[in-house]
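Enquirer: Mind looking at a prediction? Sequence and model below.
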Protein chains: 2
Amino acid sequence: MDMRLVIGVNFARLRKEKGLTQEQAAERSGFSQAYIGWLERGRRNPTAISIWMLAQAVDAMPADLVQPIET
Amino acid sequence: MDMRLVIGVNFARLRKEKGLTQEQAAERSGFSQAYIGWLERGRRNPTAISIWMLAQAVDAMPADLVQPIET
C-alpha cells in the first residue's frame, strides 16, 4: 500500500465531500495550493503533524486520511 | 492534539499487546531501538510511509496509530 496515494485519494474525496476547492483547502490547512495538488496525486509524504493539519482542514480525523482505499 | 504523542502512545500500547520489546519492534520495523524509544515518548514526527512501516511492525493498521488517545 502506497501511503502517499492513500492519503492523497482520501484527502481529495473528503475535500470534495465538503464542497471545497483545492484553493480553499489550501487556505484552511496552511499548505500551498501546489502542495495540495501534489498531495492529492500521491506525490507528498506528510508527517503525522501535517496529517493532523490536513484532516482538520476537511473536518475529518487523521484516521480518515489513512484508511485503506480501493485499488 | 499532539499527533507525535498520539502515535507514540498508540504504538507503545500495540507493541506491548503483541508482547514485543522495543528491540523486537525495532527489528521488525527497520527503525533503530533509539528511534522507537523516542517515538513512544512523542519525540518523533513520522511521515505517512513511516507510519505504515511502524503499523506493520505491530500487526496493526495506520489508522490504529492515529486514533485519539485519552489525555
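Expert: The structure has been received and is ready for your questions. Numbering: from 1, shown residues only, chains lettered A, B, ... in the order given.
Enquirer: Give me the neighbour count for A:E70.
Expert: 4 (other CB atoms under 10 Å in any protein chain shown). Bear in mind the C-beta positions are built from the backbone N, C-alpha and C, glycine included.
Enquirer: just A:D2 next, same as before
Expert: 15.
Enquirer: Chain A against chain B: which residues are in contact?
Expert: Contacts of chain A with chain B, taken as CB under 8 Å from any CB of the partner chain, map to A:1, A:3-4, A:6-7, A:45-49, A:51-52, A:61-63, A:66-68.
Enquirer: try 6 Å
Expert: A:3-4, A:7, A:45-49, A:52, A:62-63, A:66-67 (CB under 6 Å from any CB of the partner chain).
Enquirer: Now, of the residues you listed, which are buried?
Expert: A:3-4, A:7, A:45-49, A:52, A:62-63, A:66-67 (16 or more other CB atoms under 10 Å in any protein chain shown).
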